[in-house]
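Trainee: test case, fold it:
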Amino acid sequence: MPSPTKIAALFVATDFSPPADAAVRWAARRARALGARVILYHGVGAPPAPVPGSALDVTTGGPEWNAAQRALDDLARTLRQQDIAVDTDLHVDLGCTTILARARAFDADLIVAGTRGQSRLRRSILGSTAARLVRESDIPVVILPPKANEPEHPVDRVLVPTDFAGDVQRTVDVVGALLGPATAQTDLTLMHVHPGEYQPASPWAAPLVLAPRSPETTEAVQRLEMVGNQLAHRMRSIDTVACGGDPARAIDREAQLLGADLIAIAHGGNGLTRLMRTSIAEKILAAAPCPVLAIRKAPARRALAETSPSERRPHDGLTTSAG
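Mentor: I've put the predicted structure just below:
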C-alpha cells in the first residue's frame, strides 16, 4: 500500500476498556491537529455457532447491540464537542479480520488500537488483536502498548529503527503524514541494532568508560548518518543510534531513554524474513513506553545510503529491497 500523503481518516477500534480509551484519546489529539475525522468502531461478539449461510448481523437489535450503540454515540458526542468530525461503526465482531475490512470500507489512512498486555505465553498461544493487526494490516497501524505514556504535548520525538532494507523513506513519509506541518518541529532518531551485546549509544545512557566501537557499529553509524543527511530537510533534528543486542529490547530501552513519543517501524517481507521482522515489531509492543506505529514494508528499490558498499550495483547505484 502506498504511503499516505495526508491522513484524513483515523479508524479507532474500541471495546470501551481503559486501553481502548487511551487509544481514542490519542487518535482524537492527532485528528484535531490534522483536521481529520475519526471513525469509532466497536465489534459486538459473534454468535458462537452461527447458522451456515446466515447474515453476519444476526445479533443486531439485541440488548448487547443497543448498549454498544449507546456507548459509541456517547463517545462520539464527546469528541464532537472537541470539534472533531466523527463517524461510528458497529459490526458483528470477527476480530482482526472485521477491523481490517471495516477500516478499508471507510478508506481509513490509519488504524489506532490499544492492547490489554496479555502475558507473553498467552499471546504466543492465542495471539492478540493488536499483534494480528501489526502482522496483517496493509494500512499503517498505531498500537498503544500497556506501558505507553500519554503525553499531552505534541509528538515531537520519534524513534525510527531500521534494518537498512529500504524502509526508512516510507516510514518517514507515514510519520510526516501523521504529524502534518509539525514534522518540521520533530526530532528524529534513526536506530540500527545488530547482533551482539546491547550497549546504549545515547550520551546519558553511556557508562563512564566506553568500550571501543565494534566494526558493525561503526559501519551502521556511517550508514545511518548517510540516511539522516537525506532526511535532514524534513525534521528539526536527526540523531543516530547504533548498537548490538536483541532488537526489540534495545529499541524499547532506547525509546525510554530518549523519552520518545512514538516508535515508527516498518516490517514485513516474504517468507522467513517477514516472520522475523514482524516478530520484532510485535515484541516491541510488550514493553514499549510509547505508541508504536507499524508500517507494512512495501517491495521497493532502496536508496543508495541504505545499502552497504558491498550491496551497491555499479550500473545504477541502487539495489532491490531484500524481503
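Trainee: for stretch 101-109, which positions count as buried?
Mentor: Across stretch 101-109, burial judged by 16 or more other Cβ atoms under 10 Å covers Arg102, Ala103, Ala108, Asp109. The way it works is simple: take the backbone N, C-alpha and C, and place the C-beta from them, glycine included.
Trainee: which one of the residues you listed sits closest to Leu34?
Mentor: Distance ranking of the buried residues of stretch 101-109 against Leu34, using Cβ to Cβ, places Asp109 first at 9.7 Å.
Trainee: okay but the closest one is in contact with Ala9, surely?
Mentor: Yes: Asp109 lies in contact with Ala9 (Cβ atoms under 8 Å); the separation is 5.5 Å.
Trainee: between these two, what contacts are shared?
Mentor: Ala36 (Cβ atoms under 8 Å, 6 or more residues apart in numbering).
Trainee: Asn229: neighbouring residues, count only.
Mentor: 11 (other Cβ atoms under 10 Å).
Trainee: residue ranges of each domain in this structure, please.
Mentor: According to automatic domain parsing, the chain comprises the domains 9-144, 157-320.
Trainee: quick one: closest of these to Ser3.
Mentor: domain 157-320 (3.9 Å).
Trainee: can I get the buried residues of stretch 101-109 in TSV with distance to Asp163?
Mentor: Formatted as TSV, those follow (distance: Cβ to Cβ, whole Å):
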residue	distance to Asp163
Arg102	31
Ala103	27
Ala108	27
Asp109	25
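Trainee: quick one, what contacts Thr186?
Mentor: Neighbour list for Thr186: Val155, Asp156, Arg157, Val158, Val175, Leu179, Met235, Arg236 [criterion: Cβ under 8 Å, 6+ apart].
Trainee: is Ile39 in a helix, a strand, or coil?
Mentor: strand (DSSP: H, G, I helix; E, B strand; the rest coil).
Trainee: please apply the same query to Val221.
Mentor: Going by three-state DSSP: Val221 is helix.
Trainee: ok, for it, nearest residue in space, not its chain neighbours?
Mentor: Closest residue in space to Val221, ignoring its immediate chain neighbours: Ala242 at 4.7 Å, by Cβ to Cβ, 6 or more residues apart in numbering.
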